[in-house]
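Asks: Provide a 3D model corresponding to the input given below.
(one chain, ligands or ions: 1)
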Amino acid sequence: MEKEKQYIYIVQASLEPSKCKIGKTSDLERRVSEYNNMTGKSKENTYRYLFSCAVKDMAQVEKDIKDVFQKFREDKKKEIYFFNDDLFEEYVKFIKSHNLFIEDIFIKIDDKKPIVKIVKKTTPTLKERGLSSPKDLMQKAQKRKNDEFYTRYEDIEKEISMYAKEIWKDKIVFCNCDDAVDEKNGKINEKRTSAFALYFINNFKNLGLKKLICTHYSGPIDLFNAGSKGLVYLITYEVGEDGRIKIEKQSPKGYTGSFDDPLSLKILNEEADIVCTNPPFSRAADYWKTIIKSKKKFLIISNISNIVTNSFIPYFYYYKVWAGYNRVDWFEDDRKRLIDASGHWYTNLPITNRPKYEHLKIMHLDDIPAKYKKDDDSKILLVDNCYIPDNYHKPFAVSARPILNGLLEKGYCLIENKEYYPYINGKKCFARVLVQKM
Ligand SMILES: C[S@@+](CC[C@H](N)C(=O)[O-])C[C@H]1O[C@@H](n2cnc3c(N)ncnc32)[C@H](O)[C@@H]1O
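Replies: This is a model prediction of the structure:
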């Protein structure tokens, strides 16, 4: 009897480009038809494979993917993972380096009749992939399993130094995402204190702050080892009547420390002036919604691709948020090891003379090198590498980078508050946004 085939796949719905599903199946064609025939699915929402491969033990590989990428999974429906170019690359890299990986399977699915043909591709060797052994990668990935991303002190210092100091004067700063402070009798243990909290404590007088409020979230992982599981607290710093800094630590009953806990919302809405933190990746959309609704000033770190992701684009479109000055490529894990991730500062604080304007190459369309401009199948101009035409008055599509470099402050505006997906020769390309010269 022929042995049952085993596959791992990454599938995506056309209307949900910031997510994908990673799963296992013994029949790839049947699986995608099942997705496409789900009850309640709209006609426009078509699932197609982004990647699929044969493996030796699909249950094991699927389990390892779940473990390694647990923080990139949506909470409720566990097979749903967050998606962007970098994450997709990570998922594929991990799967292809797994010791149970056999070979890629490329399936081309026609949108209307979802069964076409299976074409085998040759798999590059590990050496071609620049890996010493699959075990290496697996171990590396496993180590990341429980990672939480700490922001480095130097990244906070670098960003805040770009803003006018007056912004902070007499202000109440609220760090509402796991910004724990390990403090005993007024002494701070720097190693176990969030760099956000530490930065504001160290610069409390220099910035002229009125108060600093930090919360500790009782999540599954105690990032800063700052309290036993379940111990959540609020810590406040303020200048007392005697001119000295007073520290108050409280663990209000029933308080979860979550940014959307009623007490955190009360502080946000009634007390805080400026919110500054690096919120959890998996709750970014909720976090942005909460913070923008509060109408408070904020300076936060989030994914670099937010500007080309539907949940966030409207905020840029309505000028509720814009890029901060710097990208943040490196974070630390709980053992202070460096982790690379694509972060960027976002804010609603005023930005002046953004140094990154220099990266925008604004020039006549004819002067843009041919390899950085092309029309997509709908005859929309796509420009790359931060080239921007200044004599082109129709909408054109750009990736995240020019927007992060300040394009919307240079006489260009977003013309749609949603993602734009170019197709080239029928092939869907990565998300962009449509902009136009005003
Ligand atoms: C990306 S880490 C950043 C930690 C810290 N702010 C820093 O920058 O070093 C996000 C943190 O938010 C915490 N977190 C997760 N869900 C949360 C929630 N609902 N409310 C507040 N914090 C949360 C996580 O435990 C995690 O430590």
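Asks: restrict stretch 262-272 to CA atoms and write it as PDB.
Replies: Provided in PDB are the C-alpha atoms of stretch 262-272 (Å, rounded to 0.1, in the frame of the first residue of the first chain):
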ATOM      1  CA  PRO A 262      -9.900  49.500  33.200                       C
ATOM      2  CA  LEU A 263      -7.300  50.900  35.500                       C
ATOM      3  CA  SER A 264      -4.700  51.300  32.800                       C
ATOM      4  CA  LEU A 265      -7.300  52.900  30.600                       C
ATOM      5  CA  LYS A 266      -8.300  55.300  33.400                       C
ATOM      6  CA  ILE A 267      -4.600  56.300  33.800                       C
ATOM      7  CA  LEU A 268      -4.300  56.700  30.000                       C
ATOM      8  CA  ASN A 269      -7.400  58.800  29.600                       C
ATOM      9  CA  GLU A 270      -7.400  60.800  32.800                       C
ATOM     10  CA  GLU A 271      -3.800  61.100  33.900                       C
ATOM     11  CA  ALA A 272      -1.200  60.400  31.200                       C
END
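Asks: that stretch and the ligand, any residue contact?
Replies: No - Stretch 262-272 stays out of contact with the ligand when judged by C-beta under 6 Å from any ligand atom, the minimum separation being 7.4 Å. In short, each C-beta sits where N, CA and C put it, glycine included.
Asks: enumerate the residues of this protein near the ligand.
Replies: Close to the ligand, as judged by C-beta under 6 Å from any ligand atom, the chain has residues 148-151, 177-179, 194-196, 217, 219, 223, 258-259, 277-280, 283.
Asks: try 8 Å this time
Replies: 148-151, 175-179, 194-196, 215, 217, 219-221, 223-224, 256-261, 264, 277-283, 287, 301, 331-332 (C-beta under 8 Å from any ligand atom).
Asks: narrow the residues you listed to those that are buried.
Replies: If you count burial by 16 or more other C-beta atoms under 10 Å, the buried members of the residues of the chain next to the ligand come out as 148-151, 175-179, 194-196, 215, 217, 219, 223-224, 256-259, 261, 264, 277-281, 283, 287, 301, 331-332.
Asks: what residues are bridge-paired with the nearest residue to Phe83 once chain neighbours are set aside?
Replies: Spatially, and ignoring its direct neighbours in sequence, Phe83 is nearest to Cys20 (4.3 Å; C-beta to C-beta, 6 or more residues apart in numbering). Beta-bridge partners for Cys20, by DSSP bridges, are Tyr81.
Asks: Glu166 and the ligand: what is the separation?
Replies: From Glu166 across to the ligand, the span is 25 Å (C-beta to the nearest ligand atom, to the nearest Å).
Asks: tally of neighbours for that residue?
Replies: Counted by other C-beta atoms under 10 Å, the residues lying close to Glu166 total 10.
Asks: sec struct for it, please.
Replies: With DSSP: H, G, I helix; E, B strand; the rest coil as the basis, the three-state label of Glu166 is helix.
Asks: next one, pLDDT for Ala197 please.
Replies: Looking at Ala197, its pLDDT reads 88.
Asks: where are the low-confidence patches of this protein?
Replies: Along the chain, the model assigns pLDDT under 70 to residues 1-2, 39-44, 74-78, 106-148, 179-192, 218-234.
Asks: just the strands in the stretch 201-350 of the chain please.
Replies: 211-216, 233-239, 245-250, 274-277, 297-303, 322-332, 338-347 (DSSP state E, counting those that start in this stretch).
Asks: what about the residues of the chain next to the ligand, which are in helices?
Replies: Under the assignment DSSP state H, the residues of the chain next to the ligand contribute Ala195, Phe196, Ser264, Tyr287 to helices.
Asks: who touches the spatially closest residue to the last one that is not a sequence neighbour in this structure?
Replies: Here the nearest residue to Tyr287 in space, its sequence neighbours aside, is Pro279; by C-beta to C-beta, 6+ apart that works out to 4.1 Å. When contacts are counted by C-beta atoms under 8 Å, 6 or more residues apart in numbering, Pro279 is found next to Asn176, Cys177, Phe259, Tyr287, Ile300, Ile301, Ser302.
Asks: export those as TSV, with columns for distance to His98.
Replies: Output for the contacts of Pro279, formatted as TSV (distance: C-beta to C-beta, whole Å):
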residue	distance to His98
Asn176	38
Cys177	33
Phe259	36
Tyr287	33
Ile300	35
Ile301	31
Ser302	30
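Asks: any idea how far Ile213 is from the residue nearest the centre of the chain?
Replies: Nearest to the geometric centre of the chain sits Asn303, at 2.9 Å (C-alpha atoms, centre = their mean). Per C-beta to C-beta, to the nearest Å, Asn303 is found 25 Å from Ile213.
Asks: run through the helices of the protein in chain order.
Replies: 28-36, 58-68, 85-96, 134-144, 153-160, 195-202, 204-207, 262-266, 284-293, 313-317, 400-404.
Asks: work out the gap between the shortest one and the centre of the chain.
Replies: Yep, that's helix 204-207 we're talking about. 31 Å (C-alpha atoms, centre = their mean, to the nearest Å).
Asks: helices and strands around that helix, which ones?
Replies: Taking 3 or more C-beta pairs under 8 Å, 6 or more residues apart in numbering; DSSP states H and E as contact, there are no helices or strands that helix 204-207 lies on.
Asks: export that helix as CSV, just CAs?
Replies: The C-alpha coordinates for helix 204-207 follow below in CSV (Å, rounded to 0.1, in the frame of the first residue of the first chain):
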residue,chain,number,x,y,z
PHE,A,204,13.5,62.4,35.2
LYS,A,205,15.0,65.8,36.3
ASN,A,206,16.8,66.5,33.1
LEU,A,207,13.5,66.2,31.1
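Asks: what sits up against stretch 280-294?
Replies: 71-75, 82, 149, 177-178, 259-260, 265, 268-269, 272, 275, 279, 298, 300, 302-303, 306, 311-312, 315, 320-321, 348.
Asks: circling back to that earlier point, dump the helices of the chain to TSV, plus distance to Leu50.
Replies: Shown next, in TSV, are the helices of the chain (distance: least, C-beta to C-beta, whole Å):
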stretch	distance to Leu50
helix 28-36	11
helix 58-68	14
helix 85-96	7
helix 134-144	19
helix 153-160	32
helix 195-202	36
helix 204-207	46
helix 262-266	37
helix 284-293	21
helix 313-317	22
helix 400-404	19
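Asks: wait, which of these is closest to Tyr420?
Replies: When the helices of the chain are compared for distance to Tyr420 using C-beta to C-beta, the nearest one is helix 313-317, at 9.6 Å.
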